[in-house]
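1. Sequence first, then the predicted structure:
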Amino acid sequence: MTKIKFATVWLAGCSGCHMSFLDLDEWLLELANYVDVVYSPVGCDLKEYPEGVDICLVEGGVANEDNLELIRKVRARTKTLVSFGDCAVTANVPAMRNILKGADPVLQRGYIELADLKPQLPHEPGIVPELLDKVLPVHEVVPVDIFMPGCPPDAPRIKATIEPLLRGEKPKMEGREMIKFG
């Protein structure tokens, strides 16, 4: 049996969706019979997102240049992209910084106004990825195949989304148990 190439990605979010994924408990062992995890912040140390991924769950909003580069690569290299959790679907909590209207005001607030000691903006390249002016939900950057809301989605919802995909079917994302936010 050829296993499905499976990935998860964590952009701007809290990792709660990945923690909820781990709540699948014993079902993760069953899932391992059907998938090869080829990229994930959970249990993998791979640095480069691979080609030919079948399914990818993407957690978090798109907040900086690193997120933007990664999500474009993920979309180009993935057959089925799942917007995984409220931050990916709506930009949710990470988008609260959008009220400051731009990257510069965010940096001023975080590094100057709220600093306890030595207020200064980061000035070495690579310390802080360049912030986008707005945090965006994934679908505003790349096409998304499936939206799985929840903050985080609970384990039964995650399983109900993944199981049909393993059979080559699209999950039914309807009813409160599948599309409730929060």
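-> In hand now; what should we look at?

2. What's the separation between the spatially most central residue of the chain and Asn33?
-> The centroid of the chain falls nearest to Glu59 when counting by CA atoms, centre = their mean (1.7 Å). Distance from Glu59 to Asn33, counting by CB to CB, to the nearest Å: 24 Å. For the C-beta atoms, the positions are set from N, CA and C on the backbone; glycine is no exception.

3. likewise Ile162?
-> As defined by CB to CB, Ile162 lies at a distance of 13 Å from Asn33.

4. Of these two, give the one with the bigger neighbour count.
-> Of the pair Ile162 and Asn33, Ile162 is the one with more neighbours under other CB atoms under 10 Å, namely 23 against 9.

5. Show me which residues of the helix or strand where that one lies are buried.
-> Using DSSP states H and E, Ile162 sits within helix 155-166. For helix 155-166, the neighbour count (16 or more other CB atoms under 10 Å) marks Ala155, Arg157, Ile158, Lys159, Ala160, Thr161, Ile162, Leu165, Leu166 as buried.

6. So which elements touch it?
-> Contact analysis of helix 155-166 by 3 or more CB pairs under 8 Å, 6 or more residues apart in numbering; DSSP states H and E lists helix 16-22, helix 27-31, strand 146-148, helix 176-179 as its packing neighbours.

7. mean confidence for that helix?
-> Helix 155-166 comes out with an average pLDDT of 98.

8. likewise stretch 108-117?
-> Averaging pLDDT along stretch 108-117 gives 94.

9. Endpoint to endpoint, that stretch covers what distance?
-> Terminal residues of stretch 108-117 are spaced 14 Å apart (CA to CA, to the nearest Å).
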